[in-house]
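Peer 1: sequence unknown, structure follows:
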């Protein structure tokens, strides 16, 4: 396996898990970030209200997503962009829990992804005051263009992962996960 993966980030409309309104994906092939996607969507109906706190963070409003596909309609595109690549997120617990709940609310099949966490790996390899995306990015010289824009956050997570792999001498995501003592986890479900 080479150093190929899809870095992943979601933004949520409110504190409810599953209220995804934006998805960022940064595709890395053979150690090079080749493409970054930022996809807006309407959150699942059960959790589609926009909380002022969340809007202040990411600037996404109901009007921003009004003409966008629903999460369930956007999911096939997300799955196609990720393909069979392992998924890496900075605080993967947050992103994967949101994916599980959004799929549940939407009645959509949950992708079966192997995934890892650049935040967890940063804690193993770096000594920092905290391990926020912005802090780790700054420590590793990674550009974080627009924090809390899903595509920019996914790109930063990709570049952090590449920097951590270089520091660890890892040539694959599996190797990086093993070096950091945290094998990849699996998000359940099947491809439909």
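Peer 2: Sure, I can see it. Computed from a predicted structure; not experimentally measured.
Peer 1: which residues in this structure form helices?
Peer 2: 52-58, 62-65, 71-82, 92-106, 118-125, 133-140, 150-168, 173-179 (DSSP state H).
Peer 1: out of the ones you listed, the one nearest residue 5 is which?
Peer 2: helix 173-179 (5.0 Å; Cβ to Cβ). No exception for glycine: its C-beta is placed from N, CA and C like everyone else's.
Peer 1: for the closest one, name the packing helices and strands.
Peer 2: For helix 173-179, the elements it packs on are strand 113-117, helix 150-168, judged by 3 or more Cβ pairs under 8 Å, 6 or more residues apart in numbering; DSSP states H and E.
Peer 1: for residue 58, which of those is the nearest?
Peer 2: Nearest of the helices and strands packed on helix 173-179 (Cβ to Cβ): helix 150-168, 7.9 Å.
Peer 1: which parts of the closest one are buried?
Peer 2: Within helix 150-168, the residues that count as buried by 16 or more other Cβ atoms under 10 Å are 150-165, 168.
Peer 1: what's that helix packed up against?
Peer 2: strand 5-12, strand 20-29, strand 32-40, strand 87-89, helix 118-125, helix 133-140, helix 173-179.
Peer 1: got the contact list for residue 53?
Peer 2: Shown in contact with residue 53 (Cβ atoms under 8 Å, 6 or more residues apart in numbering): residue 15.
Peer 1: for it, report the pLDDT, please.
Peer 2: For residue 53, the model assigns a pLDDT of 98.
Peer 1: for residue 67, same thing?
Peer 2: Here, the pLDDT recorded for residue 67 equals 97.
Peer 1: got it, and residue 135?
Peer 2: Note for residue 135: predicted pLDDT of 98.
Peer 1: count the neighbours of it for me.
Peer 2: Neighbours of residue 135 under the rule other Cβ atoms under 10 Å: 15.
Peer 1: for the chain, name the helix or strand with the lowest mean pLDDT.
Peer 2: Least confident helix or strand, the chain: strand 185-187 with a mean of 94, by mean pLDDT, DSSP states H and E.
Peer 1: now do the buried residues in that one.
Peer 2: 185, 187.
Peer 1: mind listing what it pairs with, with the direction of each?
Peer 2: Paired neighbours of strand 185-187 in the sheet (DSSP bridges): strand 113-117 (antiparallel).
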